[in-house]
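J.: Structure for the following, please:
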Amino acid sequence: MPRPIIPPDLQAVHDQWHFAPAFEATGLIFCSGIIGTSPDGNPPASGLSGAQSTTADPDAPVAALQAVRDPEAQFATAFEALAAILAEAGATLADVVELTTYHVDMARHMQTFTEVRDRYLSAPYPAWTAIGVAELLVPGGLVELRAIAARPNTGS
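T.: You can find the predicted model right below:
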């Protein structure tokens, strides 16, 4: 039976902005897009603390989120957040079978992004599509990760 995946740190995101951070169906985990955010633009203590801090104000729009200013730290924060969401579903980044990334100024940041990505994903690498976009919802966001993971122990 399909079920939403909502880490406790993102419950307010779900309640206020009406979307699940991930959804599990037929042995797959479909993750919503995630950007490396923080309460103040600095690298956060956890990958989910940016979204969590924004929801402290129940009237805050999604666009009130702040991207981590340093590109490398922003990319790492996005992967940490994705890992936390997958953990809530009982999965890890090793279970990712498809990654779609949306990039602002892709040519400028791609080398740094791939270096960070390779710290979080290893062989066998997932399918990957990189798409250049004009902007993301979060001001200063340079990349948004969207992933599909296979639930562990479901077979191939």
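J.: centroid residue for the protein?
T.: Nearest to the geometric centre of the chain sits residue 34, at 2.8 Å (Cα atoms, centre = their mean).
J.: Now do the contacts for it.
T.: Residue 34 makes contact with 21, 78, 81, 82, 85, 144, 145, 146, according to Cβ atoms under 8 Å, 6 or more residues apart in numbering. C-beta here means a position set from N, CA and C on the backbone, and glycine is covered the same way.
J.: Any stretches of the chain with poor pLDDT?
T.: Applying pLDDT under 70 to the chain flags the ranges 54-56, 58, 60-64, 154-156.
J.: what about the helices in it?
T.: Taking DSSP state H as the test, the helices found in the chain are 11-17, 49-54, 71-88, 106-120.
J.: ok, now how distant is residue 94 from residue 47?
T.: 17 Å (Cβ to Cβ, to the nearest Å).
J.: ah, wrong one, I meant residue 77
T.: In this view, residue 77 and residue 47 are 5 Å apart by Cβ to Cβ.
J.: shared neighbours of these two, anything?
T.: residue 36.
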